[in-house]
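J.: Here you go, sequence then predicted model.
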Amino acid sequence: MNNKVKYSLVFCLALLSASKLNAQTGVYDTLRVEAYITPEGDTIPQSWLPPAQVTSIQTAHWKKYWKDWTRLRNAVYVTYPYAKTAGKIISEVNMQLANVPDERQRKLIIKSREKELKRDFADKVTNLSVYQGKVLMKLINRETGNNCYEIIKEFKGGFNAGFWQTVAFVFGSSLKQQYDAKGDDKEIEKIVIELQKLYGYKG
């Protein structure tokens with residue numbers, strides 16, 4: 001072994017000894033960290049990085065999407081309880097009318113329930129926007145299986161059904177619209193399921 005190699009070895013050993021001595025004499029020579037034990041039994045140090053928030057400018061498409069979604073969600077939250085109540089009352093009326101052949105008696109039953117509906121919901125429903133009214137008609141169809149035109153025609157006659165269909169048409173809507181949970185109304189259906197889970201509504 002020549003002298004240059006010897007000196008190099010001595011120099012390296014001196015550096016290692018010095019760093020070892022400095023590490024042992026430091027005030028903060030030990031840092032406690034979490035450890036992770038791998039499935040193989042190895043222990044490695046573990047630390048947690050602070051969360052990073054990534055943001056970007058929202059495009060016009062997504063701005064419109066979330067605006068429309070929020071509007072629809074609010075409309076469903078407002079109108080779904082009315083649709084549930086309407087479905088319940090219509091079922092009750094149908095049960096009452098099932099064994100009543102007398103036309104006059106049938107009209108009295110319908111009129112009494114109509115008064116009940118007006119008393120409890122007239123102010124609330126008339127304060128709905130046109131958009132909320134459209135959503136409500138969709139939900140009534142979902143809850144009853146019949147569109148609003150069919151319901152009015154059954155209980156109030158064809159003339160009344162035709163009149164209100166005309167009114168709905170003027171406001172850009174239709175009493176005859178159907179509910180399509182897997183098609184055009186799949187977004188409404190998602191929100192309804194969310195509502196049912198949140199408030200315990202039965203489907």
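T.: Done, it's in. Numbers count the residues shown, from 1 in each chain.
J.: For G158, grab the count of nearby residues.
T.: 11 (other Cβ atoms under 10 Å). Placement of C-beta: from N, CA and C, glycine included.
J.: repeat for P50
T.: Per other Cβ under 10 Å, the neighbour tally for P50 reads 4.
J.: and what of the one 10 residues further on?
T.: Taking other Cβ under 10 Å as the criterion, the count of residues near A60 is 7.
J.: How far does whichever strand or helix holds Y149 sit from its chain's centre?
T.: Per DSSP states H and E, Y149 falls inside helix 148-156. Centroid displacement of helix 148-156 relative to its chain, using Cα atoms, centre = their mean, to the nearest Å, is 31 Å.
J.: Give the buried residues for it.
T.: By 16 or more other Cβ atoms under 10 Å, the buried positions in helix 148-156 come out as 148-149, 151-156.
J.: packing partners for the longest helix belonging to the chain?
T.: Counting residues, the longest helix found in the chain (DSSP state H) is helix 60-97. Counting contacts by 3 or more Cβ pairs under 8 Å, 6 or more residues apart in numbering; DSSP states H and E, helix 60-97 packs against helix 103-126, helix 130-144, helix 186-199.
J.: Just want the angle from the last one to helix 60-97.
T.: Per axes from the mean of the first three to the mean of the last three Cα atoms, to 10 degrees, the angle that helix 186-199 makes with helix 60-97 is 70 degrees.
J.: Using CSV, write out every CA atom in helix 186-199.
T.: Output of helix 186-199 as CSV, limited to C-alpha atoms (Å, rounded to 0.1, in the frame of the first residue of the first chain):
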residue,chain,number,x,y,z
LYS,A,186,-81.7,10.9,-13.5
GLU,A,187,-80.3,14.0,-11.7
ILE,A,188,-83.6,14.6,-9.9
GLU,A,189,-83.6,10.9,-8.9
LYS,A,190,-80.1,11.2,-7.4
ILE,A,191,-81.2,14.2,-5.3
VAL,A,192,-84.4,12.4,-4.2
ILE,A,193,-82.4,9.3,-3.0
GLU,A,194,-80.1,11.8,-1.1
LEU,A,195,-83.2,13.3,0.5
GLN,A,196,-84.7,9.9,1.4
LYS,A,197,-81.4,8.9,3.2
LEU,A,198,-81.1,12.2,4.9
TYR,A,199,-84.6,12.6,6.3
